[in-house]
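K.L.:
Turn this into a model:
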Amino acid sequence: GWRFGIASDGALPALSPETGHTETFALVWIDIPDFPMTVQYIIDAPNDAEGTATLTGQAVYRKLGGELRTPMLDTALTPAE
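P.N.:
Sure thing, here's the model as predicted:
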């Protein structure tokens with residue numbers, strides 16, 4: 001029931017999920033931002049959310065060659081009070 005809200009701050013992606021998307025989502029940049037970069041986004045909690053949920057993700061980079069991937073990273077999501 002957690003929903004994608006919006007990408008915010010920093011170098012905004014060229015493609016992102018629509019607000020309210022609840023499945024796997026990707027943020028895509030066509031023009032690669034300067035590194036290091038920070039990605040901020042809003043995830044909306046369901047009204048009945050309790051405790052902590054976990055969002056697992058990774059960065060995938062490719063330009064001319066093969067794909068480079070960061071390790072998987074877990075982010076704890078806690079509903080705002």
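
K.L.:
Name the nearest residue to Ser8, sequence neighbours excluded.
P.N.:
Sequence neighbours aside, Gln40 is the residue nearest to Ser8 in space, at 5.1 Å (criterion: CB to CB, 6 or more residues apart in numbering). (Each C-beta comes from the backbone N, C-alpha and C, glycine too.)

K.L.:
so Lys32 makes contact with Leu64?
P.N.:
I think there's a mix-up here, since residue 32 is Ile and not Lys. No - using CB atoms under 8 Å, Ile32 is not in contact with Leu64; the gap is 11.6 Å.

K.L.:
So if I had to pick from the two, which one is more boxed in?
P.N.:
Between Ile32 and Leu64, Ile32 has the larger neighbour count (other CB atoms under 10 Å), namely 10 against 4.

K.L.:
Give me the three-state assignment for the residue nearest to the more buried one when sequence neighbours are not counted.
P.N.:
Ranked by CB to CB, 6+ apart and with sequence neighbours excluded, the top spatial neighbour of Ile32 is Lys63, at 7.1 Å. Following DSSP: H, G, I helix; E, B strand; the rest coil, Lys63 is assigned to coil.

K.L.:
Return the distance of Lys63 relative to Gly20.
P.N.:
32 Å (CB to CB, to the nearest Å).
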